[in-house]
Each structure stands twice: as structure tokens, then as C-alpha cells.
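1. pasting the structure only:
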């Protein structure tokens, strides 16, 4: 048997029983594919069930608010995915009568759907012969065929896509794509691949040349930018001062607390003397408690988040600041790190 047939045989004997593999419904497959982008199956599974239960069809998803979608998405990261999902559902509802497309070319017209997702949905739901190329597939192909082109270079996408397309099983493209991805996830893992269990190791360049730690090649990432965020907590009885974020920067359109970003983690006394702080909270603002600084890692950003509780007093409200009941925090789309702070403080 050839490489692709060997992997398909392995997959049929070893595949995980995942809910989105037991359907050809394009909507369900779309949910799983977007949620699992850059996310481990174990982490993404609860979110898949959460979204599938709350939005059983395109119509119910399209009728949701952005706040509701972002609240369900809380903790999964890359919040733009959730925003794009809402736009996609609305687009399908309005332009395709609520019937999720299964055609590759049509899928590419939807918000947030690129080559990979279109190939996955069209092959899994309608058996269209389009090869998926995700991180797992890049790794399998680079190791087996000895491809040294960095997988995040400008040339890589064309090289790996053409190779993947040449290998696809035209009779069972959906199964073939599942097999390639599952093989990368279960055996040909980034670290400590299970070469001893691999059905194609004798033909694998990396196995024969002891290069599994070298392949795939990846260009060095851009250094993470460090940011220092100082959040101010002001609670008045059972109400708390909140901030609605704008549509730029991280956590767009979500809710957090009044915040001031500084170039370093400066002493709290120095922070209170800054004109921006005194403008909003007055010269007589007093600190009630400073919570330990938390570190939060995002793509290309490392956040140092400090929460400072001020004694309740008169505040000059900014345009996007407002008071809400503490109980209502559960209904707001909060960044996970802010939610954890508030959950611990108010026993939410």
C-alpha cells in the first residue's frame, strides 16, 4: 500500500470517536472546525458542546448578540473567531436561507473561512476532493517527505498544498483528510512522536535520518511584546464600575474594568500621581487593596495584569464606563483573566 492508503487503514482502526465525525451536517462541522482552530481537542470539546446546545442551527446562531457569543467563547482566545462566526451565521441565514453551504468555492465567500476550513467542511460534508493542510498535515508531510522549507514561510503554503492535493484519495477525500489530521495529532506529534507505532516509518525521511526533532522547520517567531495593564476596581455596595472596550486592540467590544496601560509595572503610589488617574479618580483616591500581578500570554503579547481596588468615592465617568450589578457580571462578555479576578473577589 502507498503512504495515503496506509494512513487511511491506520485511521479506521485507531480514530477517536468525536461528535463532529458522526455527521455530514455542514453547520456542525463548521462549529467544530472554527472552535478547534489553534486549540487542542480536549480544550475545545466543552466549547463545541456549549455552542451546539445553545445554537442548534444557523438560525439560532444568527439571532444571537455579539455579547452572548463572546461570553460563550470566554477563555478560548482569539476572540475574532467568535465575532466572525456570528457574521458567518448571519450571512448564511440571509444569503443562503439558513442552509449552510457544502461547496468549496461557496464556503470561501463566507466570513472567517479560508482554504483550510473550506476544504474541511466540503470534504467532510459533501466528499469534495480538496485536501486540508493544517498544522498536523504540515508536520506529517514535512517529516515523511523531508521538506525543509519553513512551514511559516511565504512559499510553504503553495508547496504543501500541492503535495497534499496530489496525495488525496479521490474516492474518500473526507476520510483521507481526517486520517491525515488524526495521524498528526495522535502519532506524528510535535514532540516525542510515536515512531515505534507508525505504520509508514520505513518510508519516512525523518525516521530514517533521525530528523523528527528538526522537521518541520519553522522560522523564528516575532518576539512577544510586553504590556502592563493596571485595572481599577471600584465597587459601590453591590455595584461595580465597568468599562466597555472599543473595537480595536485586544478583547474588542468586550467588558473589563477601567484600565490604564503603562510602559512598566510602576509603584502604585506613582500610578496614583499620574494625571490620567487623578483626572478620573481625583487627587484623593486611596488604595484599599492591590492584588498580585497576573501574567497572561497572547499571540505576540505578554500581558502583566494588576488589579487595584480603590476606596469608593466620586468618579469622573469616561464615555464607556458604567456601573452594573455585581450579579450581572455573569452576563457580560469578560476576558477570562478579568473574570477570574472578579470571580474570586465576589464569589461569582
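-> Received it, and whenever you're ready, just let me know what you need. These numbers were taken from a predicted model, which means no experiment stands behind them. Residues are numbered from 1 along each chain as shown.
2. drop to CA atoms for contacts and neighbour counts, all remaining ones
-> Fine.
3. so which residues of the stretch 201-348 of the chain form helices?
-> With helices called from DSSP state H, counting those that start in this stretch, the stretch 201-348 of the chain shows them at 205-208, 268-272, 275-281, 336-346.
4. residues in contact with the least confident helix or strand in the chain by mean pLDDT: which ones?
-> Scoring the helices and strands of the chain by mean pLDDT, DSSP states H and E places strand 235-236 at the bottom, with a mean of 82. Outside strand 235-236, the residues that touch it by C-alpha atoms under 8 Å, 6 or more residues apart in numbering are 241, 312.
5. list the strands paired with that strand, with their directions.
-> strand 239-244 (antiparallel) (DSSP bridges).
6. for the partner strand, what is the average pLDDT?
-> The average pLDDT within strand 239-244 is 93.
7. related to what we said a few turns ago, now the least confident helix or strand of the chain, how far from the chain's geometric center?
-> Computed by C-alpha atoms, centre = their mean, to the nearest Å, the chain-centroid distance of strand 235-236 equals 33 Å.
8. in a markdown table, list the helices of the stretch 201-348 of the chain along with distance to residue 85, mean neighbour count and mean pLDDT.
-> As requested, those are exported to a markdown table (distance: least, C-alpha to C-alpha, whole Å; neighbours: other C-alpha atoms under 10 Å; pLDDT from 0 to 100):
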| stretch | distance to residue 85 | mean neighbour count | mean pLDDT |
| --- | --- | --- | --- |
| helix 205-208 | 38 | 18 | 95 |
| helix 268-272 | 39 | 13 | 91 |
| helix 275-281 | 36 | 15 | 89 |
| helix 336-346 | 19 | 15 | 92 |
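9. between those, which gets nearest to residue 311?
-> Among these, the nearest to residue 311 by C-alpha to C-alpha is helix 275-281 (10.1 Å).
10. can you give me the strands in the stretch 201-348 of the chain?
-> 225-233, 235-236, 239-244, 255-256, 259-262, 287-290, 294-298, 301-310, 321-325 (DSSP state E, counting those that start in this stretch).
11. highest mean neighbour count out of those strands?
-> strand 255-256 (a mean of 24; mean count of other C-alpha atoms under 10 Å).
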